[in-house]
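*Asks:* A predicted structure for the sequence below; I have some questions about it.
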Amino acid sequence: MERRIVICAPTGQDAGLAAKVLGSVGIGSIVCGDNSELMRQLQQGAGALLIVEEVVSGAAMRPLADYVASQPTWSDIPILLLTRSGADSLDVQRAVEHLGNVTLVERPVRTIALITATRSAVRARERQYQVRDADRRKDEFLATLAHELRNPLAPIRTSMGILKHLHPDSDQVTQLRNVVDRQVGHLTRLVDDLLDVARITSGKVALKRERTTLQSVLNHAVEISASAMESKQHRLELREPGAPCVLDGDAARLVQSVANLLVNAAKFTPAGGHIVLSAEVAGPVVTFRVKDNGIGLEAASLARIFELFAQTPVPGEAPTGLGIGLSLARQFAEMHGGTLHAASEGLGHGSEFVLALPVVLEGEQPEAPRPAGATAAPGNLRKILVVDDNVDAANTLEALLDMDGFAVTTAYDGVAAVAAAGINRPDVVVMDIGMPGMNGYDAARLIRQQPGNENVVLIALTGWGQSTDKTRANLAGFDHHLVKPVDYDRLMSCLSG
C-alpha cells in the first residue's frame with residue numbers, strides 16, 4: 001500500500017492510460033473515481049499521488065491541502081500534477097503553493113516523461129520511508145537504553161537507603177549518600193531528557209494538564225537544580241509574587257523547564273556566582289526570569305543555544321551535558337502556548353532567560369495544605385512480594401522494606417512470581433515488567449486471577465516509562481506505575497492506601 005501510486009483523474013481516459021503505462025514497468029497503482037475516494041485511499045498509504053488539475057480546482061483542493069498539512073514530520077508525499085496550461089493556471093499556482101512537493105507534467109503526457117517522473121517520485125518516497133524507519137529505530141534504541149540505564153540505578157539508590165538506616169548518625173555516610181543521591185538524580189534526568197527528545201521528535205508528547213501552584217513549581221525546580229548550585233557554591237536568590245497563584249499546565253514539564261534554566265545558569269556561571277530566579281504574574285501569564293552574572297553570550301550564540309544538541313563551551317572546563325535542556329524547555333513552552341527567549345549584553349556580562357507561559361488561573365486560590373501527619377502510614381499492607389530479574393535490585397529493595405517492618409519475599413522471574421503469589425497471598429506485589437520468559441504484564445494478569453488475590457495491590461516498578469507503557473500496565477491490572485530508580489517516599493505513598 002505504501003508504494004502504490006494513487007491516481008485521480010475523474011474525467012477522460014488519463015487515469016486508465018496512466019495506470020496501464022505504470023503497470024507495464026512494474027509500478028503498482030490504484031485509480032480513484034472521485035476526490036472522496038482519493039482521500040480514503042490516501043489514508044491507507046501511498047508512494048506518490050498522480051492527479052489532474054481538475055482535482056485541485058477551487059474548493060476541491062481543501063481536503064487534499066489539509067491532508068498534506070497533517071503529514072508526520074518525516075513525510076512529504078510527492079504529487080505529480082498533470083496540466084494542460086502549465087504554471088499559468090491559477091489552480092496550478094495554488095496547488096504548488098499549498099501542496100508543497102508538486103511536480104508539473106504537461107498534458108498530453110509522453111510515456112517516457114510519465115515513467116521518469118513517477119520513478120523519481122517513488123525513489124524520493126523511499127528515502128522518506130528510510131528516514132521514518134531510522135527515526136523509529138532511534139526511538140526504540142533510546143527507550144531500551146533508558147530501561148538498561150535505569151535498571152542499575154535502582155539498586156544503587158536503594159542501597160543508599162539501606163545505608164541511611166544502618167548508619168543514621170554517621171556524618172561520613174550521610175555525606176557519601178548525598179553524593180550518590182545527587183549523581184543518581186543527575187543520571188536519571190539525563191535519561192528522561194533523552195526520552196523526551198525521542199517523544200517530541202516522534203510527536204508522542206502530550207501535555208498532562210492539572211492544577212498546581214506557582215510555589216510548588218518554584219520549589220521543585222530549585223530542589224532539582226540544588227546540586228548544580230551547590231557544586232559551584234552559587235548564591236541563588238528567589239523572588240516570587242506576594243500572593244499565591246494557581247497554574248493550569250503540565251506540572252512536570254513546567255518544573256523541568258524552570259529547572260533546566262537554573263541548571264544552565266549554574267553551568268555557565270563561574271564558581272561563587274549570583275543567580276536570580278524571579279516569577280511575575282500579569283493576568284493569565286506567569287513569567288519566569290533566570291538571570292546570572294556568568295560568562296554571557298555572543299550575539300551569534302543567541303540564535304543557536306535552543307537548537308537540539310547545541311553545546312556552548314565553558315572556558316577552562318570540559319564539555320558536559322547533552323545540549324538538549326534548553327531545546328526541551330523551549331518546546332515545552334511552545335506546547336503550553338508560551339515563549340522562551342534569551343538575552344545577553346555580550347561575553348562577560350551574564351545572561352537572562354525569560355520563560356512566559358499563559359497558564360495562570362486568574363482568581364483561583366490554592367487548596368489549603370494538608371496538616372502534617374495527614375498522610376496515612378502504611379496500614380494493613382504489610383506482606384510484600386518483590387519481583388525483579390535484576391537480583392541486586394530485588395534484594396536491596398527487599399532489605400530496605402524489611403528494615404521498615406514489612407514482611408517481604410522475593411522472586412526473580414514472572415513464573416516464580418505467580419507461584420509465590422499463589423502460596424503467600426501478599427498484600428502488595430512490586431514487580432518489574434521487562435523480565436525474560438513471562439513478563440510483568442502477563443504475570444500481573446495471572447496473579448489477579450488467583451483466588452484470594454483479586455484485590456492485591458499491584459505496583460509496576462520498571463525502567464519502561466513512556467505513556468504507552470503506563471497504559472499497558474493499567475490494562476494488565478496494575479494499580480500504580482513507578483519508574484526506576486524510584487523515590488522511596490513515593491513507593492511508600494502507594495502503600496498508604
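*Replies:* On my side now, so go ahead.
*Asks:* switch to C-alpha atoms for all contacts and neighbour counts from now on
*Replies:* OK.
*Asks:* how far does stretch 6-16 sit from the chain's center?
*Replies:* 44 Å (C-alpha atoms, centre = their mean, to the nearest Å).
*Asks:* how about it: buried residues?
*Replies:* V6, I7, C8, A9, P10, D14, A15 (16 or more other C-alpha atoms under 10 Å).
*Asks:* so where is the stretch 301-450 of the chain shaky, pLDDT-wise?
*Replies:* Across the stretch 301-450 of the chain, the ranges flagged by pLDDT under 70 are 309-322, 367-381.
*Asks:* can you pull out the helices in the stretch 351-497 of the chain?
*Replies:* 391-403, 414-424, 440-449, 467-476, 488-494 (DSSP state H, counting those that start in this stretch).
*Asks:* how about JSON lines for those, with mean neighbour count added?
*Replies:* Listed next are these as JSON lines, based on neighbours: other C-alpha atoms under 10 Å:
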{"stretch": "helix 391-403", "mean neighbour count": "20"}
{"stretch": "helix 414-424", "mean neighbour count": "18"}
{"stretch": "helix 440-449", "mean neighbour count": "20"}
{"stretch": "helix 467-476", "mean neighbour count": "15"}
{"stretch": "helix 488-494", "mean neighbour count": "13"}
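*Asks:* so which of the ones you listed comes closest to D248?
*Replies:* Nearest of the helices of the stretch 351-497 of the chain to D248, taken as C-alpha to C-alpha: helix 467-476 at 20.4 Å.
*Asks:* sorry, back to before: which one of the helices of the stretch 351-497 of the chain lies nearest to S227?
*Replies:* helix 488-494 (19.4 Å).
*Asks:* so how far is that closest one from its chain's centroid?
*Replies:* The answer for helix 488-494 is 24 Å, by C-alpha atoms, centre = their mean.
*Asks:* again, but for stretch 462-473
*Replies:* Using C-alpha atoms, centre = their mean, the offset of stretch 462-473 from its chain centre is 12 Å.
*Asks:* over to stretch 437-448?
*Replies:* Worked out by C-alpha atoms, centre = their mean, stretch 437-448 lies 27 Å from the chain centre.
*Asks:* K291 bridge partners, please.
*Replies:* V276, E352 (DSSP bridges).
*Asks:* out of the helices of the stretch 351-497 of the chain, which is closest to F141?
*Replies:* helix 467-476 (15.3 Å).
*Asks:* out of the buried residues of stretch 6-16, which sit inside helices?
*Replies:* Assignment to helices by DSSP state H places the following of the buried residues of stretch 6-16 there: D14, A15.
*Asks:* where do the strands sit along the stretch 101-250 of the chain?
*Replies:* For the stretch 101-250 of the chain, applying DSSP state E, counting those that start in this stretch gives strands covering 102-106, 209-213, 235-239, 246-250.
*Asks:* packing partners for the first one?
*Replies:* Going back to what we said before, that points to strand 102-106. strand 79-83, helix 111-166 (3 or more C-alpha pairs under 8 Å, 6 or more residues apart in numbering; DSSP states H and E).
*Asks:* repeat for the second one
*Replies:* Using 3+ C-alpha pairs under 8 Å, 6+ apart as the contact test, the elements touching strand 209-213 are strand 246-250, helix 251-267.
*Asks:* just the ones you listed: most buried one?
*Replies:* The highest mean neighbour count among those, using mean count of other C-alpha atoms under 10 Å, belongs to helix 251-267: a mean of 23.
*Asks:* and that helix, what does it pack onto?
*Replies:* By 3+ C-alpha pairs under 8 Å, 6+ apart, helix 251-267 packs against strand 209-213, helix 214-231, strand 274-282, strand 285-292, helix 325-335.
*Asks:* domain assignment for this structure?
*Replies:* 5-109, 134-201, 209-357, 383-494 (automatic domain parsing).
*Asks:* which of those domains has the lowest mean pLDDT?
*Replies:* Ranked by mean pLDDT, the domains of the chain bottom out at domain 134-201, with a mean of 80.
*Asks:* any idea how far it is from the chain center?
*Replies:* Worked out by C-alpha atoms, centre = their mean, domain 134-201 lies 17 Å from the chain centre.
*Asks:* re earlier: could I get the domains of the chain as TSV with distance to R123?
*Replies:* Converted to TSV, the domains of the chain look like this (distance: least, C-alpha to C-alpha, whole Å):
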stretch	distance to R123
domain 5-109	9
domain 134-201	17
domain 209-357	29
domain 383-494	33
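*Asks:* how about those, which one is nearest Q128?
*Replies:* Of the domains of the chain, nearest to Q128 by C-alpha to C-alpha is domain 5-109, at 6.1 Å.
*Asks:* what's the span of that closest one, first residue to last?
*Replies:* The straight-line separation of the ends of domain 5-109 (C-alpha to C-alpha, to the nearest Å) is 16 Å.
*Asks:* list the residues that contact V360.
*Replies:* C245, V246, L247, D248, V281, G283, P284, V285, V286 (C-alpha atoms under 8 Å, 6 or more residues apart in numbering).
*Asks:* give me the beta-bridge partners of it?
*Replies:* L247.
*Asks:* can you redo the helices of the stretch 351-497 of the chain as JSON lines with distance to L81?
*Replies:* Listed next are the helices of the stretch 351-497 of the chain as JSON lines, based on distance: least, C-alpha to C-alpha, whole Å:
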{"stretch": "helix 391-403", "distance to L81": "61"}
{"stretch": "helix 414-424", "distance to L81": "57"}
{"stretch": "helix 440-449", "distance to L81": "50"}
{"stretch": "helix 467-476", "distance to L81": "40"}
{"stretch": "helix 488-494", "distance to L81": "59"}
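*Asks:* now the helices and strands packed on helix 251-267 in a markdown table, with distance to D192?
*Replies:* Formatted as a markdown table, the helices and strands packed on helix 251-267 follow (distance: least, C-alpha to C-alpha, whole Å):
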| stretch | distance to D192 |
| --- | --- |
| strand 209-213 | 19 |
| helix 214-231 | 13 |
| strand 274-282 | 24 |
| strand 285-292 | 22 |
| helix 325-335 | 11 |
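*Asks:* how about these, which one is nearest A393?
*Replies:* Once the helices and strands packed on helix 251-267 are compared by C-alpha to C-alpha, helix 214-231 is nearest, at 24.4 Å.
*Asks:* please point out which parts of that closest one sit buried.
*Replies:* 214-215, 217-218, 220-222, 224-229.
*Asks:* re earlier: and among the strands of the stretch 101-250 of the chain, the most buried is which?
*Replies:* The most buried one of the strands of the stretch 101-250 of the chain (mean count of other C-alpha under 10 Å) is strand 246-250, showing a mean of 21.
*Asks:* and it, what does it pack against?
*Replies:* Counting contacts by 3+ C-alpha pairs under 8 Å, 6+ apart, strand 246-250 packs against strand 209-213.
*Asks:* make it 10 Å
*Replies:* If contacts are counted by 3 or more C-alpha pairs under 10 Å, 6 or more residues apart in numbering; DSSP states H and E, strand 246-250 sits against strand 209-213, helix 214-231, helix 325-335.
*Asks:* so what strands line up beside the first one?
*Replies:* Partner strands for strand 209-213, per DSSP bridges, with pairing direction: strand 246-250 (antiparallel).
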